[in-house]
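**Student:** mind looking at a prediction? Sequence and model below.
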Amino acid sequence: MSGHGTPKPMTSHRCGPLQGVAEVPGDKSISHRSLILGAMAVGETKITGLLEGEDVLDTAKAMQAFGAEVVNHGGGSWSVFGVGVGGFAEPENVIDCGNSGTGVRLIMGAMATQPITATFTGDASLNGRPMARITDPLALFGTQTVGRKGGRLPMTIVGAADPVPVRYVVPVPSAQVKSAMLLAGLNAPGKTVVIEKEATRDHSERMLAGFGAEITVEETDEGRVITLTGRPELKPQEIAVPRDPSSAAFPVCAAIITPGSDVLVPGIGLNPTRAGLFTTLREMGADLTYENERTEGGEPVADLRARYSPNMKGIEVPPARAASMIDEYPVLSVVAAHATGDTMMAGVKELRVKESDRIDAMAKGLSACGVTVDEGEDWWQVTGLGPEGVPGGATCASQLDHRIAMAFMVLGMAAQNPVTVDDGGPIATSFPIFEPLMGALGAKLIHG
């Protein structure tokens, strides 16, 4: 059962060519950060193009609970009237972050160095995910945490009344851990230093600089060293949220594997820390081009044109690329099933602790649809059946995971037989217009 209601089975049927323009929603990562940093600035931050999925709406409610005024003007246009760094009020009620691991972890960081207490919970999926990777480093600031066994939600965070600056080496590539530490460092005196051995998405660094924080990034032998000076007065901003590359992945990949397709996906953020999937698809032989390349709000942006690509070859995806495409491996595995040869994906243990164990979820579903998948703790390999060679015909478990559900819906568009997911409800957390958008391109998605 989905944490957002009764399960909603969905079936994807083989369809004709996908044609048209796919205007995907705003970037989820940037939407979360816009709301949180807007709440920590002084004055009105204006946001356009905000993703209005359930994950981001839960973050907006949380910022209200911490004392910021958040106004929805309609059409993706929002205002956040911030309370300043260190200005959060103590929430009166439990903060429900729904399905959003990004939301809860960033919010925990933002309040961790303020002298307030807050309790967090979420849906069944989120409450099963480990939070110690966030709460252990936050304890270095002086923050205290009480949660369920295994560091799981529901969890109460007692913010540090007298926080100290921290120097922390992120043990595994994680933009959520890095960002939580930087947000906590905002209200700590002195300089907080976060070091990552492998670069992860850098939206937090870019946006902190945009809001006026004193932040430097240096490439050293030790890794990528990020230094943030605490206690700034953040200045409100006008933010135009680019369209989400993780959402764009679904119409792009669907077009690549569905015969005769030609789809334009405009205005996609191509931040190099997020664009690994598109690089990988092109290496596999996808007919994927970037048009009208430009810069918007400090982020590189382009229109993506994806066409049916019957000559895809399996490749070995470089492990170093994993951080730039970690959310896209499920749908990449669907493309790999339609390529010729093996696609090896290594260095991806982070997939084991997402909304679901994504390696397990995709391996089971692809296998049920006639695709050979091998897996290990931090790798998996898909043996492609060539264009139009996937049998399909199975019901797959989405495991309360929006990206798993959408990946199998894409699979059904090109498989020989329909593919069903037991619950498409979680799709609304990140891509609330997925069904009508894909339907308008020519997909055949049926409920029940």
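**Tutor:** Perfect, I can see it now. Keep in mind that this is a model prediction, so the values were computed, not measured.
**Student:** which non-adjacent residue is nearest the residue located most distally from the centre of the chain?
**Tutor:** Farthest-out residue of the chain from its mean C-alpha position, per C-alpha atoms, centre = their mean: residue 162, at 32.4 Å. Setting aside the residues directly before and after it, residue 162 is nearest to residue 142 in space (C-beta to C-beta, 6 or more residues apart in numbering), at 6.4 Å. C-beta here means a position set from N, CA and C on the backbone, and glycine is covered the same way.
**Student:** residue 262 too?
**Tutor:** Nearest to residue 262 is residue 307, by C-beta to C-beta, 6+ apart, at 4.9 Å.
**Student:** any idea of the pLDDT on that neighbour?
**Tutor:** Predicted confidence (pLDDT) for residue 307: 98.
**Student:** give me the neighbour count for it.
**Tutor:** 16 (other C-beta atoms under 10 Å).
**Student:** tell me what it is bridged to.
**Tutor:** On the basis of DSSP bridges, residue 307 is bridged to residue 262, residue 287.
**Student:** also the one 10 residues further on?
**Tutor:** Listed by DSSP bridges, the beta-bridge partners for residue 317 are residue 345.
**Student:** and the nearest residue to residue 419 once chain neighbours are set aside, how far from residue 342?
**Tutor:** Nearest residue to residue 419, sequence neighbours excluded (C-beta to C-beta, 6+ apart): residue 412, at 3.3 Å. Distance of residue 412 to residue 342, given as C-beta to C-beta, to the nearest Å: 23 Å.
**Student:** so if I had to pick from those two, which one is more boxed in?
**Tutor:** Using other C-beta under 10 Å as the criterion, residue 412 and residue 342 rank with residue 412 on top: 30 against 16.
**Student:** helices or strands up against the helix or strand harbouring the more buried one?
**Tutor:** Applying DSSP states H and E as the criterion places residue 412 in helix 402-414. Packing partners of helix 402-414 (3 or more C-beta pairs under 8 Å, 6 or more residues apart in numbering; DSSP states H and E): strand 10-13, helix 245-257, helix 329-337, helix 358-368, strand 419-421, helix 434-441.
**Student:** quick one, the second one and helix 329-337 angle?
**Tutor:** Meaning helix 245-257. On the basis of axes from the mean of the first three to the mean of the last three C-alpha atoms, to 10 degrees, helix 245-257 is oriented at 10 degrees to helix 329-337.
**Student:** next up, the contacts around the closest residue to residue 289 other than its chain neighbours.
**Tutor:** Of all residues not flanking residue 289 in the chain, residue 305 sits nearest, at 4.9 Å (C-beta to C-beta, 6+ apart). The neighbourhood of residue 305, defined by C-beta atoms under 8 Å, 6 or more residues apart in numbering, consists of 262, 263, 264, 265, 288, 289, 291.
**Student:** just confirm residue 8 is within a strand.
**Tutor:** No - secondary structure of residue 8 (DSSP: H, G, I helix; E, B strand; the rest coil): coil, not part of a strand.
**Student:** now do the phi/psi pair for it.
**Tutor:** phi -120, psi 90 (degrees, to the nearest 10).
**Student:** roughly how far does it sit from residue 421?
**Tutor:** 9 Å.
**Student:** residue 285 is in contact with the residue nearest to residue 262, correct?
**Tutor:** No - at 11.6 Å, residue 307 and residue 285 do not qualify as touching, with contact defined as C-beta atoms under 8 Å.
**Student:** give me the phi and psi angles of residue 148.
**Tutor:** Backbone torsions for residue 148, taken as degrees, to the nearest 10, come to phi -80, psi 170.
**Student:** does it have beta-bridge partners, and which?
**Tutor:** Here residue 148, judged by DSSP bridges, has bridge partners residue 152.
**Student:** so it touches residue 155, yeah?
**Tutor:** Yes - applying C-beta under 8 Å as the test, residue 148 and residue 155 come out as touching, 7.1 Å apart.
**Student:** so between those two, which is more surrounded?
**Tutor:** Between residue 148 and residue 155, residue 155 has the larger neighbour count (other C-beta under 10 Å), namely 22 against 12.
**Student:** that one contacts residue 138, correct?
**Tutor:** No - contact criterion C-beta under 8 Å: residue 155 and residue 138 do not qualify, at 11.3 Å.
**Student:** against residue 53, how distant is residue 441?
**Tutor:** Taking C-beta to C-beta as the measure, residue 441 falls 20 Å from residue 53.
**Student:** who's more crowded, these two?
**Tutor:** Legend: neighbour count by other C-beta under 10 Å for residue 441 and residue 53, higher for residue 53 (26 against 22).
**Student:** that older thread, contacting residues for the residue nearest to residue 262?
**Tutor:** Residues in contact with residue 307 (C-beta under 8 Å, 6+ apart) are 255, 256, 261, 262, 263, 287, 288.
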